[in-house]
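A.B. asks: Attaching a predicted model along with its sequence, questions to come.
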There are 2 protein chains.
Amino acid sequence: MYELFFQQFNEKVPLTAEEQETIKTFLTPKKLRKKQYLLQEGDICKYIAFVEKGALKSYVIDEAGTERITQFALEGWTISDLYSFLTGEPATYLIDAIEDAELVLISKAAHEELLQQVPKYETYIRLQITGAYIALQRRLTSIISLPIEERYKNLTTLYPTIVQRVPQHMIASYMGLTPETLSRVRGRVTGRK
Amino acid sequence: MYELFFQQFNEKVPLTAEEQETIKTFLTPKKLRKKQYLLQEGDICKYIAFVEKGALKSYVIDEAGTERITQFALEGWTISDLYSFLTGEPATYLIDAIEDAELVLISKAAHEELLQQVPKYETYIRLQITGAYIALQRRLTSIISLPIEERYKNLTTLYPTIVQRVPQHMIASYMGLTPETLSRVRGRVTGRK
């Protein structure tokens, strides 16, 4: 249990066996079936979720009722509504499973305790958030400065697994396109190669 | 010197006088004149810059040669090309001063040393990056899910000082609009009030 979680943790910050055991006592495993929610809009986000297996997405619903995907999380990724988690304010994002999933949950209480008790946990969290910040900054820059074809190429280069595993209509939502436009973009990108 | 920097630091993580003195030895002050660069594209980002006074912007230049602003940093904000800073890879972003500015610089070597020597520095950095991540996530969500008028209203609500101090053509660039479109948006938003 928690295999991938600790593999990645140790790659970032090597743990002693004892530290690993301490951290384990603060973790909660959770299974989600495809389409099941981890977080619904307006609820308070109680967990940081690490994906051991499967895939999740976070999204908002716009005024027209359309789902706008803000993030995918496959194996090894972390997903949460961080603002809601940290402040206790209602969540802005919804999170659900794209595939059957196995998660490692860290509750708010566990997070606070771990920050106090295990200094390496703070380092781990700092590095995780830094990675998430850099990924988000790239995505934003790509959206505001690149033509759609380049954005699609970037996505396939940086995250080939997402493009392969996630249904096309979700990729379209993530890119802010209709499925038809995405299909044309894919055609043009493939044709150019 | 470093007044605002330490004021904010202490609000996030209270420091003893001794810790504050230690941290001070790792900081470098820098003045920038309006339009002067802190970072040019392709250079390696050597500093995290905290703004004591004045205003900066980071941006990319798109294929058409247009400046696309990714971030503003006024007093109390931090600005950097974090990926370049952490990896030593060439910078993606350019950073320059919108107004004459006074900065507190933390070099890569100082950053590494501070992480080792002052545990509260790690907490400070974790909280700073978390704040930056949440701000970026909001901005992205706003771009992909809200009509332009709502995006402009959000900007004026969340960052009134930016809207007041930064020239309109830069606000337009930040929002991905032409100055003419921004002017129409402002008219509609003001008219509705």
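C.D. replies: The structure has been received and is ready for your questions.

A.B. asks: helix, strand or coil for residue A:70?
C.D. replies: With DSSP: H, G, I helix; E, B strand; the rest coil as the basis, residue A:70 sits in strand.

A.B. asks: Report the contact partners of it.
C.D. replies: A:58-60, A:93, A:174, B:137, B:140-141, B:144 (CB atoms under 8 Å, 6 or more residues apart in numbering or on different chains). Quick note: C-beta positions are derived from backbone N, CA and C, even for glycine.

A.B. asks: Take those and keep only those in helices.
C.D. replies: Applying DSSP state H to those, the entries found in helices are A:174, B:137, B:140-141, B:144.

A.B. asks: does residue A:38 count as helix, strand or coil?
C.D. replies: Per three-state DSSP, residue A:38 ends up strand.

A.B. asks: Would you mind measuring from it to residue A:6?
C.D. replies: The gap separating residue A:38 from residue A:6 is 21 Å, by CB to CB, to the nearest Å.

A.B. asks: Neighbour count: those two, which is higher?
C.D. replies: Between residue A:38 and residue A:6, counted using other CB atoms under 10 Å in any protein chain shown, residue A:38 has the larger neighbour count: 24 against 16.

A.B. asks: Does that one touch residue A:48 like I think?
C.D. replies: No: here residue A:38 lies out of contact with residue A:48, judged by CB atoms under 8 Å, at a distance of 10.8 Å.

A.B. asks: contacting residues around stretch A:44-52?
C.D. replies: So stretch A:44-52 is contacted by A:2-5, A:28, A:30, A:38-39, A:56, A:73-82, A:84-85, A:88-91, A:93, A:95, A:101-108, A:111 (CB under 8 Å, 6+ apart).

A.B. asks: give me that answer again for 7 Å
C.D. replies: With CB atoms under 7 Å, 6 or more residues apart in numbering or on different chains as the test, stretch A:44-52 has contacts from A:4-5, A:38-39, A:73-81, A:84-85, A:88, A:90-91, A:101-108, A:111.

A.B. asks: again, but for stretch A:137-145
C.D. replies: Residues contacting stretch A:137-145 (CB under 7 Å, 6+ apart): A:151, A:154, B:60, B:62, B:68, B:70, B:92, B:136, B:139-140, B:143, B:176.

A.B. asks: let's go with 6 Å and repeat that
C.D. replies: A:151, A:154, B:60, B:62, B:68, B:70, B:140, B:176 (CB atoms under 6 Å, 6 or more residues apart in numbering or on different chains).

A.B. asks: Count the neighbours of the last one for me.
C.D. replies: Using other CB under 10 Å, residue B:176 has 17 other residues around it.

A.B. asks: Check it and give its pLDDT.
C.D. replies: At residue B:176, the model reports a pLDDT of 87.

A.B. asks: And it, how far from residue A:165?
C.D. replies: 30 Å.

A.B. asks: Could you do the third one as well?
C.D. replies: Taking CB to CB as the measure, residue B:60 and residue A:165 are separated by 30 Å.

A.B. asks: how about the strands in chain A?
C.D. replies: Here chain A has its strands, by DSSP state E, at A:27-32, A:37-39, A:47-53, A:56-61, A:67-73, A:78-79, A:94-97, A:101-107.

A.B. asks: most neighbours per residue, which of those strands?
C.D. replies: Most buried of the strands of chain A, by mean neighbour count (mean count of other CB atoms under 10 Å in any protein chain shown): strand A:78-79, with a mean of 24.

A.B. asks: What is the nearest of the ones in helices among the contacts of residue A:70 to residue B:19?
C.D. replies: Closest approach between the ones in helices among the contacts of residue A:70 and residue B:19, by CB to CB: residue B:137, at 31.0 Å.
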